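Colleague: pasting the structure only:
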Ligand code: HEM
């Protein structure tokens, strides 16, 4: 019995008999009434003696784990077990004799630097993709409603278009890098999957769904950058952002939790909301504020005030949705306050909350202090610096998140 539903494609079993020779087993299958119980048929009766069952498995989030289970078949019991049916079913139950270890402790692992970077890069790309969508729909739309700022708004729109194209391509690159990294981890830790780890991942419906959704999302986002109509572009970019955001949700802890549909749905919302806040800050810091600085005096003040007035509600709503959906995820993955400080997952989550709090403080400072003063050129410069700092904290939040999502959860186990 596993504490998280393992993916059958990623379950490998080896039964070693009393003579040290392998005993053939049927393919692993699920018990009909439970996703966490894996069964394997023993084709024929077992002779008396000590047996060792070595298993390796991975859940939907791709964390490989392994363990052994030893048991003894007694002579008398074997005789009675010889009665038909002649196929014994071995129910794999984690027992006291089965120390469970995470198999990937050295070399290239789900927790190693390069793999963490791949996840971080994916999160940044997704945040920017949905950030561009919200920025276009809410901030630029409001700027363009002011006739004196229409040209400025059109300029922002034109500058965001190639950035959106590049971002869609980075989502694609991050997705392929994720597949490659996960295949490499599986290949190394599950030797029986040698030569076919990527194929195994593609056989898994969650991974297949994630890849298909991200491919479709990237295609929709790229198509959005070629359309000239506002509405059509927004709808396609929106579709692209939602589909792309399904990638991490379908291959992470959310997919492995008992109420997967709700957890995955809220995870997608969490990732989209990270775009509303952090992606919006990226658009402000990298494109909007530098362009506003170049405008002549009165236009600059007007543009800066309009930008801030339209961005503030977007950032605040994003932060609110992030907090609600994040707390839900924390609740289902951590389970209790005690578990928060007891293990790595809880401790990294607390670190994430500390960085989120710093980001929120800077955001509040931009909103309450610099916001009302942005008309002055020097204050615009200060706002730009403070926005960049907020951005740095935001990127740090995503880095801590990339570490967090590769750790075993207290509720789900390894
Ligand atoms: C109160 C604030 C927040 C809380 C409680 C929170 C909590 C969480 C939790 C528990 C997860 C699930 C990790 C897992 O799958 O194991 C998560 C994922 C994530 N969070 Fe947050 N978070 C918060 C704020 C933020 C912010 C401000 C950002 C970005 C700016 C962010 C971005 C993300 C991303 C990108 C994921 C990854 C989703 C995935 O891999 O499926 N979060 N968060």
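Modeller: That came in fine, so what should we check first? Just so you know, these numbers come straight off a predicted model, no measurement behind them. Residues are numbered from 1 along each chain as shown.
Colleague: And residue 162, how far from residue 184?
Modeller: Distance, residue 162 to residue 184, using C-beta to C-beta, to the nearest Å: 32 Å. C-betas here are computed from N, CA, C, even on glycine.
Colleague: between those two, which one's more packed in?
Modeller: More crowded of residue 162 and residue 184, by other C-beta atoms under 10 Å: residue 184, with 17 against 10.
Colleague: Test for you: state the pLDDT assigned to that one.
Modeller: Listed pLDDT for residue 184 reads 83.
Colleague: Now do the buried residues in whichever strand or helix holds it.
Modeller: Remark: residue 184 resides in helix 150-189, with elements defined by DSSP states H and E. Using 16 or more other C-beta atoms under 10 Å as the test for burial, helix 150-189 gives 152-153, 155-157, 160-161, 163-164, 167-168, 170-172, 174-175, 177-179, 181-189.
Colleague: and residue 263, what does it touch?
Modeller: 249, 253, 254, 255, 257, 329, 332 (C-beta atoms under 8 Å, 6 or more residues apart in numbering).
Colleague: pLDDT check: weakest of the residues you listed?
Modeller: Comparing the contacts of residue 263 by pLDDT, residue 257 comes last, at 84.
Colleague: Leaving out chain neighbours, which residue sits closest to it?
Modeller: residue 263 (4.5 Å; C-beta to C-beta, 6 or more residues apart in numbering).
Colleague: Nearest residue to whichever residue of the chain sits closest to the ligand in space, please, no chain neighbours.
Modeller: Nearest residue of the chain to the ligand (C-beta to the nearest ligand atom) works out as residue 326 at 2.3 Å. In space, and not counting its chain neighbours, residue 326 is closest to residue 270: 6.1 Å by C-beta to C-beta, 6+ apart.
Colleague: I'd like the next helix or strand past the helix or strand that neighbour falls within.
Modeller: Using DSSP H and E, residue 270 sits in helix 260-274. Sequence-wise, the next helix or strand downstream of helix 260-274 (DSSP H and E) is helix 280-283.
Colleague: quick check, that next one touching the ligand?
Modeller: No - Helix 280-283 is not in contact with the ligand by C-beta under 6 Å from any ligand atom; minimum separation 8.7 Å.
Colleague: From the contact counts, what lies against the next helix-or-strand element following that helix?
Modeller: Following helix 280-283 in sequence order, the next helix or strand is helix 289-293 (DSSP H and E). Packing partners of helix 289-293 (3 or more C-beta pairs under 8 Å, 6 or more residues apart in numbering; DSSP states H and E): helix 150-189, helix 297-334, helix 377-404.
Colleague: Those residues of the stretch 151-300 of the chain touching the ligand, which are they?
Modeller: Checking the stretch 151-300 of the chain against the ligand by C-beta under 6 Å from any ligand atom, the hits are 248, 249, 252, 253, 254, 267, 270, 271, 274, 277, 278.
Colleague: Also the stretch 301-414 of the chain?
Modeller: Counting by C-beta under 6 Å from any ligand atom, the residues of the stretch 301-414 of the chain near the ligand are 322-323, 326-327, 329-330, 333, 349, 356, 394, 397-398, 401, 404-405, 409.
Colleague: Farthest pair within the residues you listed?
Modeller: 394 and 409 (23.7 Å; C-beta to C-beta).
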